[in-house]
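Student: output the structure for:
(4 chains)
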Protein chains: 2
Amino acid sequence: MQTNLTRKQQEVLDFLISNKDTFPHPPTLDELCLAMGLKSRGSLHKHIQGLINAGFVEAPNRKQRGVRLIEQTAADYTESPELPSKDQGTPFIGSIAAGSPIEAIPNISYMKIPDEIKTDNPCYILQIKGESMIDIGIFDGDWVIIEQQSHARNGQVVVALVDKTEATLKYIEQYPHETVLIPANKNMQAMHFAPTQVEIQGVLVGQMRSYK
Amino acid sequence: MQTNLTRKQQEVLDFLISNKDTFPHPPTLDELCLAMGLKSRGSLHKHIQGLINAGFVEAPNRKQRGVRLIEQTAADYTESPELPSKDQGTPFIGSIAAGSPIEAIPNISYMKIPDEIKTDNPCYILQIKGESMIDIGIFDGDWVIIEQQSHARNGQVVVALVDKTEATLKYIEQYPHETVLIPANKNMQAMHFAPTQVEIQGVLVGQMRSYK
DNA sequence: AAATAATTGTTCTCTCTTTGTTCTTGGTTT
DNA sequence: AAACCAAGAACAAAGAGAGAACAATTATTT
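Tutor: Take a look at the predicted model:
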């Protein structure tokens, strides 16, 4: 048993360890793919195979029992403080209104939000000002959870920074010659830009509202 | 006795444990099928058989009928949940679809939600099935946070139990002679009831949605 | 009380989906 | 070039569900 893990194998192992409590059952390959953003079981399987050989993961003899850490591996990482693990929550960094820059609030606060409305990647929270997304149920005053990333697929809802000045939350459609930002509001118009004008700052992954 | 249960076996076991107090008699296979949404005794029987082999469920003898947990299994799960009473979050207890009873999920899970979308009083979480509240931005699949209380002011959104059987999330208007439940959906009709028919189970205080 | 009907646990077969596995292809990094 | 990695096709076995049939037991009717 040699501990010569490749970068990806290490990444998978880290993920398994840090999330071992969040899965109700040992995760299947498909579930792991989903959780880690992979699209192919086959690819993941090779990494798991490496972890099995290295002695970190149980060998599932063709049984459908999910990916299980060897007990020792799991135990090693339970009691170790594993850094202060200072998970203070998800940062609430300001408000966004169509057509203005993101208005940062003076001092960032943190909210504890459930995993169901965020992702495992870095996220932040914005408060919505305006009606530009009411057709998909995002109202004035709602909070949205944004996964921080700089790319998106067509049809996703993104925080887009236009001309480095105006930030909006819109559907995005990217073509070679132009980028279109589409509000979810029948009364508003789609806007067309040169691709270089639009910078993606994150994609929508969750939303919250208070009725108090 | 090794704990190599399949997912379904685990699900059945969880259901048995969390509902062991709600059955007057040990449930028969048919009753369990009904409660868990299965249609075939034969399928369930296989899972029960697995639980018997694993030592969680008593083997049936000719006399005593119904599915009974091994005493030890039952005991293990009775005293644990209550004691710590540490804040494990807000309970997610099931789904609500206009016109059906609240569908409880097998085992209650807990979500950590921010104070902003709940209150200081006891709250619980339901998942919405259906379109009856889309006009106020509550969509199919959304979670709602409900503050547990049995009264409400006119115009509030409440979880209402009608005739002790049907649960819905609606605006409420209470008058001496009648109670009106109003959906937030232009295409749906308000419903009128005698005040005694309608029982309030909580009022809406928050909402969440995932876009993953 | 005897006869009949309904319920219950059990076993079987058939079908469909899910899951682990293997391979091939092509891309990226070192 | 070599190692690493992603994607996807294809496959066998496991897992899971539906339903039929049957014997034993319990409930109901006659």
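Student: for the rest of this, base every contact and every neighbour count on C-alpha atoms.
Tutor: Will do.
Student: what comes up buried for stretch A:171-180?
Tutor: Residues of stretch A:171-180 classed as buried by neighbour count (16 or more other C-alpha atoms under 10 Å in any protein chain shown): A:171-174, A:179-180.
Student: Throw the residues you listed into TSV and include secondary structure and pLDDT, thanks.
Tutor: Output for the buried residues of stretch A:171-180, formatted as TSV (DSSP: H, G, I helix; E, B strand; the rest coil; pLDDT from 0 to 100):
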residue	secondary structure	pLDDT
A:171	strand	92
A:172	strand	91
A:173	strand	89
A:174	strand	86
A:179	strand	89
A:180	strand	92
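Student: how about residue A:27, nearest residue that isn't a chain neighbour?
Tutor: Ranked by C-alpha to C-alpha, 6 or more residues apart in numbering or on different chains and with sequence neighbours excluded, the top spatial neighbour of residue A:27 is residue A:66, at 4.9 Å.
Student: compute the number of surrounding residues for the one you found.
Tutor: For residue A:66, the number of neighbouring residues by other C-alpha atoms under 10 Å in any protein chain shown comes to 19.
Student: quick check: residues of chain A near DNA strand D?
Tutor: Proximity of chain A to DNA strand D is assessed by C-alpha under 7 Å from any atom of the strand, with A:6-9, A:37-44, A:47, A:62-65 identified as the residues in range.
Student: if any of these are buried, put those into a PyMOL selection.
Tutor: Under the burial definition 16+ other C-alpha under 10 Å, those of these that qualify are selected in PyMOL by:
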select buried, chain A and resi 9+44+47+65
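Student: restrict the residues of chain A next to DNA strand D to those near DNA strand C?
Tutor: Among the residues of chain A next to DNA strand D, the ones lying near DNA strand C by C-alpha under 7 Å from any atom of the strand are A:41-43, A:62-65.
Student: wait, which of the residues you listed is closest to chain B?
Tutor: Using C-alpha to the nearest C-alpha, residue A:65 is the member of these that lies nearest chain B, at 7.0 Å.
Student: need the contact list for that closest one.
Tutor: Taking C-alpha atoms under 8 Å, 6 or more residues apart in numbering or on different chains, we find residue A:65 in contact with A:26, A:28, B:6.
Student: can you tell me the closest non-neighbouring residue to the second one?
Tutor: Just to be clear, that refers to residue A:28. Taking C-alpha to C-alpha, 6+ apart, and ignoring the residues beside it in sequence, residue A:28 has residue A:66 as its nearest neighbour in space, at 4.3 Å.
Student: can you check the last one too?
Tutor: For residue B:6, ignoring the flanking residues on the chain, the nearest one in space by C-alpha to C-alpha, 6+ apart is residue A:65 at 7.0 Å.
Student: ok, that neighbour to residue A:52 distance?
Tutor: Per C-alpha to C-alpha, to the nearest Å, residue A:65 is found 14 Å from residue A:52.
Student: following element in sequence after the lowest-mean-pLDDT helix or strand in chain A, please.
Tutor: Of all the helices and strands that make up chain A, helix A:71-79 has the lowest average by mean pLDDT, DSSP states H and E, namely a mean of 64. On the C-terminal side of helix A:71-79, the closest following helix or strand by DSSP states H and E is strand A:90-97.
Student: ok, the residue minimising distance to the centre of chain A to residue A:8 distance?
Tutor: Most central residue of chain A, judged by C-alpha distance to the mean C-alpha position with C-alpha atoms, centre = their mean, is residue A:119 at 3.5 Å. Distance of residue A:119 to residue A:8, given as C-alpha to C-alpha: 19 Å.
Student: same question for residue A:189.
Tutor: When distance is defined by C-alpha to C-alpha, residue A:189 is 44 Å away from residue A:8.
Student: equivalent analysis for residue A:168, please.
Tutor: Using C-alpha to C-alpha, which is the criterion applied here, residue A:168 is 35 Å from residue A:8.
Student: same deal with residue A:201?
Tutor: Going from residue A:201 to residue A:8 by C-alpha to C-alpha gives 26 Å.
Student: for residue A:131, same thing?
Tutor: From residue A:131 over to residue A:8 the distance is 43 Å, taken as C-alpha to C-alpha.
Student: and for residue A:179?
Tutor: Using C-alpha to C-alpha, residue A:179 is found at 33 Å from residue A:8.
Student: give me the domain ranges for chain A.
Tutor: Following the assignment in automatic domain parsing, chain A carries domains at A:7-79, A:90-208.
Student: possible to save those domains as JSON lines with distance to residue B:94?
Tutor: Formatted as JSON lines, these follow (distance: least, C-alpha to C-alpha, whole Å):
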{"stretch": "domain A:7-79", "distance to residue B:94": "17"}
{"stretch": "domain A:90-208", "distance to residue B:94": "15"}
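Student: still on that earlier bit, using JSON lines, lay out the ones next to DNA strand C among the residues of chain A next to DNA strand D together with pLDDT, secondary structure and distance to residue B:21.
Tutor: Conversion of those to JSON lines gives the following (pLDDT from 0 to 100; DSSP: H, G, I helix; E, B strand; the rest coil; distance: C-alpha to C-alpha, whole Å):
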{"residue": "A:41", "pLDDT": "94", "secondary structure": "helix", "distance to residue B:21": "42"}
{"residue": "A:42", "pLDDT": "95", "secondary structure": "helix", "distance to residue B:21": "45"}
{"residue": "A:43", "pLDDT": "94", "secondary structure": "helix", "distance to residue B:21": "46"}
{"residue": "A:62", "pLDDT": "88", "secondary structure": "coil", "distance to residue B:21": "38"}
{"residue": "A:63", "pLDDT": "92", "secondary structure": "coil", "distance to residue B:21": "34"}
{"residue": "A:64", "pLDDT": "92", "secondary structure": "coil", "distance to residue B:21": "32"}
{"residue": "A:65", "pLDDT": "90", "secondary structure": "coil", "distance to residue B:21": "30"}
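Student: what's in contact with the lengthiest strand in chain A?
Tutor: As far as residue count goes, and with DSSP state E defining each element, the longest strand of chain A is strand A:198-210. The contact list for strand A:198-210, computed with C-alpha under 8 Å, 6+ apart, reads A:117-119, A:138, A:141-152, A:156-164, A:179, B:116-118, B:205-212.
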